[in-house]
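>>> Give the three-dimensional model of this entry:
(chains A and B)
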Amino acid sequence: MKRVYPDKEYCIGCHLCELACMTAHSKSQDLIVAYREERGKDGLSSCKKVFEKGHTCVAISCRHCDEPSCVAACISGGLHKDPETGHTLYDREKCVGCWSCLMACPYGAIRRHPTEGKIVKCDLCAEREGGPACVAACPNAALKYEER
Amino acid sequence: MLFQPVNKNYHEFCIIRDKDLCINCKVCVRQCSYEAHYWDESRQKVMHDNTKCIGCHRCEALCPTAALNIVNKPSDFRTNSLWRPVFLQNIYKQADTGGVLLAGMGSPVDIPVYWDSMLLDASQVTNPSIDPLREPMELKTFLGAKPKRVKIVTGKDGKPELKTKLSPQIELDVPIMFAAMSFGAINFNLHRAMARAATETGTVYNTGEGGLHKSLYKYGKNTIVQVASGRFGVHLDYLKAGVGIEIKVGQGAKPGIGGHLPGEKINDQVSETRMIPIGSDAISPAPHHDIYSIEDLLQLIFALKEASEYKAPISVKIAAVHNVAAIASGIARAGADIVTIDGMRGGTGAAPAMIRDNVGIPIELALAQVDQRLRDEGIRNKVSIVAAGGIRCSADVVKAIALGADAVYIGTATLIAVGCTLCGRCYTGKCPWGIATNDPKLSKRQNPDIAAKKLANLIRAWGHEIEEMLGGMGLNSIESLRGNRDKLRGVGISDIELDILGIKHAGR
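Numbers count the residues shown, from 1 in each chain, chains lettered A, B, ... in the order given. Predicted coordinates:
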């Protein structure tokens, strides 16, 4: 399956992927409204996070693992693997906010929703035409959406 | 401001931040290597310090809401056509520091650009123009000494056979090469990109004087290796690695001046390639200490030919200066196969501003004079001429070739293709575009995959345009344009300028 692969050699740490992610998952689909209003009011946050150490940086989001630890750890059936697409799917309704998945994820790619007892996790921009928004926004081709 | 030197507010640029658009996302803060943008903890918003802005436009380019505009500072000194602001600024700066003014990139001073005063011909009615999309068009160029005449005999099989021994040649699919920019002055990512783009488009890049990184030897067929006064990174394998060797005597941006790559730019890779200790300054002397005459130059040319087993043409690169034609003649007679002339608008990683802006002559005049002199002396076939320094577009290439160049080097255009905005601070090592820097955090802003693609695109685009212009003139080969000054006409320039360029005025 196609996944988003970060390239730490060329990630310049600009965080534009985070902004793109937030916009793609906002109601308004407008960066300015999403960042200024929805972020505070609705707790909108990015599924992606850029980690930095020294001059190295890398943008981490859900890897949609073949054998996801988060799915195994989920107590409510809120996370499951789609057998057809291979995506690790999140069902917000079933999630009880126990954070077991956060503890289980070896990449630190799942994060708490800032205001609700829910999680924030990459859905590969399932509804978005043209694939994941972060990949389209990266100015240095340090994120690649491809089959490997 | 409080606690600042009195002239601190005489800066060049202002950052205009549109409050309706700015979302305080800090992208600008992370991009600015000069710390002009910063996060203000007490105000909880992104602020900026105009005095630190160098006008590189990196923040503007990456701002996701297009909230930023970088403009020249509107406040100006009292209008004075003698004491223009730049002179005041420089004096203030030097009164503070006592230092030589440094500058990067090509000279921005207002000297005539003769490319703009020359117009090209096109065919009408009597000689048909050619459509390059339908008919073959030849841009293939060979650099190196050509025989005066060729002897052909009929072989036993009845086929013609060439008897004349040809000198080694550099074969180019397009007459445009990537100019010498050393590994160190620009970083490894861009060297890789130039090597790959040159390979892809069938042209060559020049290593500059910083040696050749061991991983780039595989691109040797598209490499010219340079030997300059500091002899950095020169060894036998290096000399044999490329298809040509260039002796750098001078550089258009700083004729008569050596080079100085500060120790801060010498990281482990640069150190290994240049064969000098990490962190030590790389100083290239102004002259080659073994060249004090044409005879000395001849010795070096033949030493390099011996070393490379007479397989690579030797180029000698000089800056365009007053007696350039006589010097080029000497170089041709010393056994060089290529003369490269670098005009005064050529770029540099660092040069004293006074030198860059006041020394040398424009490439157009130098090129025309060198071509004419070599023709008059009957030795034009002995060398190819490469023109460099301020080639901005494919029309400049066509005009240079019509003036007598065999090919051109593009340096500044190469860097612009990968993002350079000519902010001219290459000597600080803080290039926000990740070009003139070896800082690992900045140099990764140049992804060689993207850069190589952009460079190859540029060469292809210019190649297509050259074909169009040639076709319009009714020519189907770049060879037919070479030194064909009848295809050029001058506009708005004096008789003496027309005479030096060897062209007629428009209308004649």
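>>> Report the buried residues of stretch B:68-77.
B:L68, B:I70, B:K73 (16 or more other CB atoms under 10 Å in any protein chain shown). For every residue, glycine as well, the C-beta is placed using N, CA and C.
>>> start to end distance for that stretch?
Taking CA to CA, to the nearest Å, stretch B:68-77 runs 25 Å from one end to the other.
>>> ok, and what's touching stretch B:278-295?
Applying CB atoms under 8 Å, 6 or more residues apart in numbering or on different chains, the external contacts of stretch B:278-295 come out as B:184, B:209-210, B:228-230, B:232, B:247, B:249, B:256-264, B:266-268, B:271, B:274, B:276, B:296-297, B:299-300, B:330-331, B:333-334.
>>> Make JSON lines from the buried residues of stretch B:68-77 and add distance to B:L304, pLDDT and secondary structure to it.
Below are those laid out as JSON lines (distance: CB to CB, whole Å; pLDDT from 0 to 100; DSSP: H, G, I helix; E, B strand; the rest coil):
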{"residue": "B:L68", "distance to B:L304": "50", "pLDDT": "98", "secondary structure": "strand"}
{"residue": "B:I70", "distance to B:L304": "46", "pLDDT": "97", "secondary structure": "strand"}
{"residue": "B:K73", "distance to B:L304": "50", "pLDDT": "93", "secondary structure": "coil"}
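>>> Check those residues against B:W433 and report the nearest one.
B:I70 (13.9 Å; CB to CB).
>>> Of the contacts of stretch B:278-295, which qualify as buried by neighbour count?
Those of the contacts of stretch B:278-295 that meet the buried threshold are B:184, B:209-210, B:228-230, B:232, B:247, B:249, B:257, B:259-262, B:266-267, B:271, B:274, B:276, B:297, B:300, B:330-331, B:334, by 16+ other CB under 10 Å.
>>> quick check, the lowest-mean-pLDDT helix or strand in chain A touching chain B?
In chain A, no helix or strand scores lower on mean pLDDT, DSSP states H and E than helix A:39-41, which sits at a mean of 92. No - interface with chain B: helix A:39-41 contributes nothing (CB under 8 Å from any CB of the partner chain), its closest point being 9.1 Å away.
>>> how many neighbours does residue 19 have?
Unless you meant another one, I'm taking chain A. Using other CB atoms under 10 Å in any protein chain shown, A:L19 is surrounded by 23 other residues.
>>> Actually, chain B is the one I wanted.
7.
>>> next one: the one 4 residues further on
Counted with other CB under 10 Å, the neighbours of B:I23 add up to 20.
>>> In three-state terms, how would the residue nearest to it when sequence neighbours are not counted be classified?
In this structure, B:I23 finds its nearest non-sequential neighbour in A:Y35, 4.3 Å apart by CB to CB, 6 or more residues apart in numbering or on different chains. Here A:Y35 is helix, with the state taken from DSSP: H, G, I helix; E, B strand; the rest coil.
>>> which residues touch A:Y35?
Here A:Y35 is in contact with A:L19, A:M22, A:T23, B:I23, B:C25 (CB under 8 Å, 6+ apart).
>>> From B:Y38, how far off is it?
According to CB to CB, to the nearest Å, A:Y35 stands 19 Å off from B:Y38.
>>> name the element the closest residue to chain A within the stretch 101-250 of chain B belongs to?
Here the stretch 101-250 of chain B gets closest to chain A at one residue, B:N189, 8.6 Å apart by CB to the nearest CB. Secondary structure assignment for B:N189, by DSSP states H and E: helix B:188-201.
>>> How far off centre is the following helix or strand past that helix?
Next in sequence after helix B:188-201, counting helices and strands by DSSP H and E, comes strand B:205-206. In terms of CA atoms, centre = their mean, to the nearest Å, the centre of strand B:205-206 is found 10 Å from the chain centre.
>>> Other residues contacting strand B:205-206?
B:177-181, B:194-195, B:197-198, B:222-226, B:246, B:409.
>>> Need the buried ones from those selected in PyMOL.
Selection command for PyMOL covering only the buried members of the contacts of strand B:205-206, criterion 16+ other CB under 10 Å:
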select buried, chain B and resi 177+178+179+180+181+194+195+197+198+222+223+224+225+226+246+409
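>>> Also within reach of chain A: list those from the contacts of strand B:205-206.
Counting by CB under 8 Å from any CB, no member of those is near chain A.
>>> Among the contacts of strand B:205-206, which ones are in helices?
The helices, defined by DSSP state H, take in B:M194, B:A195, B:A197, B:A198 from the contacts of strand B:205-206.
>>> will you turn those residues into CSV that also has pLDDT?
Output for these, formatted as CSV (pLDDT from 0 to 100):
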residue, pLDDT
B:M194, 98
B:A195, 98
B:A197, 98
B:A198, 98
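>>> Farthest pair within these?
The distance between the two most remote of the ones in helices among the contacts of strand B:205-206 (CB to CB) is 7.5 Å, for B:A195 and B:A197.
>>> what sits against the residue of the stretch 301-450 of chain B found nearest chain A?
As assessed by CB to the nearest CB, chain A sits closest to B:K441 within the stretch 301-450 of chain B, at 3.9 Å. Going by CB under 8 Å, 6+ apart, B:K441 touches A:I12, A:G13, A:H55.
>>> Assumed B:Q299 was part of a helix.
Yes - assigned with three-state DSSP, B:Q299 falls within a helix.
>>> quick one: it and chain A, what's the gap?
Taking CB to the nearest CB, to the nearest Å as the measure, B:Q299 falls 45 Å from chain A.
>>> which residues touch stretch B:38-47?
Against stretch B:38-47 from outside (CB under 8 Å, 6+ apart): B:R17, B:C22, B:N24, B:C25, B:K26, B:C28, B:V29, B:H37, B:H48, B:D49.
>>> how does it look with 7 Å?
Outside stretch B:38-47, the residues that touch it by CB atoms under 7 Å, 6 or more residues apart in numbering or on different chains are B:C22, B:N24, B:K26, B:C28, B:V29, B:H37.
>>> Among those residues, which lie within helices?
Checked against DSSP H, these include these in helices: B:C28, B:V29.
>>> out of the contacts of stretch B:38-47, who's nearest chain A?
Proximity of the contacts of stretch B:38-47 to chain A (CB to the nearest CB) peaks at B:K26, which lies at 7.2 Å.
>>> I'd like to check which residues are in contact with the closest one.
Contacts of B:K26 (CB under 7 Å, 6+ apart): B:W39, B:V46.
>>> Residue ranges of each domain in chain A, please.
As given by automatic domain parsing, the domain ranges for chain A are A:1-61+A:131-148, A:63-121.
>>> what's the span of the longest one from first residue to last?
Start to finish, the residues bounding domain A:1-61+A:131-148 are 8 Å apart (CA to CA).
>>> same deal with stretch B:13-32?
14 Å.
>>> how far does it sit from the chain's center?
The chain centre lies 33 Å from the centre of stretch B:13-32; the measure is CA atoms, centre = their mean.
>>> ok so, going back, quick check, nearest of the buried residues of stretch B:68-77 to chain A?
The closest of the buried residues of stretch B:68-77, once distances to chain A are taken by CB to the nearest CB, is B:L68, at 13.9 Å.
>>> Longest helix in the chain, by number of residues?
Reading this off chain A. As assigned by DSSP H, the longest helix anywhere in chain A is helix A:16-24.
>>> that answer is for a different chain, and I need it for chain B
helix B:448-472.
>>> That helix and chain A in contact?
Yes - Helix B:448-472 is in contact with chain A by CB under 7 Å from any CB of the partner chain, via B:D449, B:I450.
>>> helices and strands around whichever helix or strand comes after that helix, which ones?
The helix or strand immediately downstream of helix B:448-472 is strand B:488-490, counting by DSSP H and E. In terms of contacts (3 or more CB pairs under 7 Å, 6 or more residues apart in numbering or on different chains; DSSP states H and E), strand B:488-490 is packed against strand B:118-120, helix B:394-403, helix B:495-501, strand B:504-505.
>>> Would you mind finding the most buried of these?
Ranked by mean neighbour count, the helices and strands packed on strand B:488-490 are led by helix B:394-403 with a mean of 25 (mean count of other CB atoms under 10 Å in any protein chain shown).
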